[in-house]
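1. heads up, no residue letters with this:
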């Protein structure tokens, strides 16, 4: 069955792969990102090979008015939203004692407040139609914490908590809420770790490799599908066994 899907953080990486995967499955997709960058343009072009109606909405998830307008436009364009995937996120590696308030606000506002604002804007529609699937993208560091990524870990842990609480709240309206926590995934966000570190992390992973955006996209699609119709409030670790 064709579905209407809204994805934040869809310019590149995991979000972009999710968008492409949904389009390949016959879904209508609206991609979102802070700006219509070259990466975003390239991603949209690929998605339109499968979904000619695909659109890209540039807006800042941290701003309520922008989030509300973007969701309203997506609803108008697609006629509804069946699946919401919240991929927008930022990270920074540094010692906790050197993390200033500006950095804290940037990470928490993007990763947590952004997810809250977009979800809040979409929920009335899903409640009205008595169905929907919401999928947050967290991280294995949200489960176990990462040295030198304390604020990032805290933000991702918040998404896991949001998943569980919101799932209980909206289940009577036929809405499922789940979370995917990736392990080490080969994206632009992890490139700054360097090849040596990435190789070391692959060796630490029981399955012997780092993950790919496709690994996450497949899990996200499953959670959105009828195959997962009795799954809600769950955090699915897609980490090759790094966290067990």
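-> Received the coordinates, thanks. Given the structure is predicted, the values throughout are model-derived calculations rather than measurements.

2. Could you say which helix or strand holds residue 57?
-> For residue 57, the element it lies in under DSSP states H and E is strand 55-58.

3. now the helix or strand following that strand, how far from the centre of its chain.
-> Using DSSP H and E, the helix or strand that directly follows strand 55-58 along the chain is helix 64-78. Helix 64-78 sits 17 Å away from the centroid of its parent chain (C-alpha atoms, centre = their mean, to the nearest Å).

4. Pull out the buried positions in helix 64-78.
-> 66-68, 70-71, 74-75, 78 (16 or more other C-beta atoms under 10 Å). (Each C-beta comes from the backbone N, C-alpha and C, glycine too.)

5. before we move on, back to that, buried ones in the strand holding residue 57?
-> 55-57.

6. cool, stretch 139-156 as well?
-> Under the neighbour-count criterion of 16+ other C-beta under 10 Å, stretch 139-156 has 139-143, 149-156 buried.

7. before we move on, what about stretch 38-45?
-> Using 16+ other C-beta under 10 Å as the burial criterion, the residues of stretch 38-45 that qualify are 39-40, 43-44.

8. For the protein, just list every one of the helices.
-> Assignment of helices within the chain using DSSP state H yields the ranges 13-24, 38-47, 64-78, 101-108, 114-129, 140-144, 150-170, 188-191, 195-204, 213-224.

9. can you count the residues close to the closest residue to residue 167 other than its chain neighbours?
-> Counting by C-beta to C-beta, 6 or more residues apart in numbering, residue 233 is the residue found nearest to residue 167 once chain neighbours are left out, at 3.3 Å. Neighbours of residue 233 under the rule other C-beta atoms under 10 Å: 15.

10. wait, isn't residue 233 in contact with residue 168?
-> Yes: using C-beta atoms under 8 Å, residue 233 is in contact with residue 168, at 6.5 Å.

11. so what sits against both of the two?
-> Counting by C-beta atoms under 8 Å, 6 or more residues apart in numbering, residue 233 and residue 168 have no shared contacts at all.

12. how far is stretch 103-118 from where the chain is centred?
-> In terms of C-alpha atoms, centre = their mean, the centre of stretch 103-118 is found 13 Å from the chain centre.

13. can you pull the buried residues of that stretch?
-> 107-118.

14. now, which of the residues you listed sits nearest residue 99?
-> residue 107 (8.7 Å; C-beta to C-beta).

15. From the centroid of the chain, which residue is nearest?
-> The centre of the chain sits closest to residue 87, judged by C-alpha atoms, centre = their mean, with a distance of 2.1 Å.

16. what about this protein, any weak spots by pLDDT?
-> For the chain, the stretches with pLDDT under 70 are 1-2, 189-193.

17. Could you point out the longest strand of it?
-> Criterion DSSP state E: the longest strand present in the chain is strand 175-182.

18. That one pairs with which strands?
-> In the sheet, strand 175-182 lines up against strand 132-137 (parallel), strand 235-238 (parallel) (DSSP bridges).

19. Tell me which of those strands is the most buried.
-> The highest average neighbour count among those, using mean count of other C-beta atoms under 10 Å, belongs to strand 132-137 at a mean of 26.

20. Next, the angle helix 114-129 makes with that one.
-> Between the axes of strand 132-137 and helix 114-129, defined by axes from the mean of the first three to the mean of the last three C-alpha atoms, to 10 degrees, the angle is 170 degrees.

21. how much distance is there from strand 132-137 to the middle of the chain?
-> Distance of strand 132-137 from its chain centroid, counting by C-alpha atoms, centre = their mean, is 8 Å.

22. just use 14 as the starting number from now, easier for me
-> With 14 as the first residue, the last one maps to strand 145-150.

23. what residues does it touch?
-> Strand 145-150 is contacted by residues 22, 27-28, 94-100, 102, 128, 132, 135, 138-139, 172-173, 175-176, 179, 187-193, 195, 229, 233, 236-237, 241 when judged by C-beta under 8 Å, 6+ apart.
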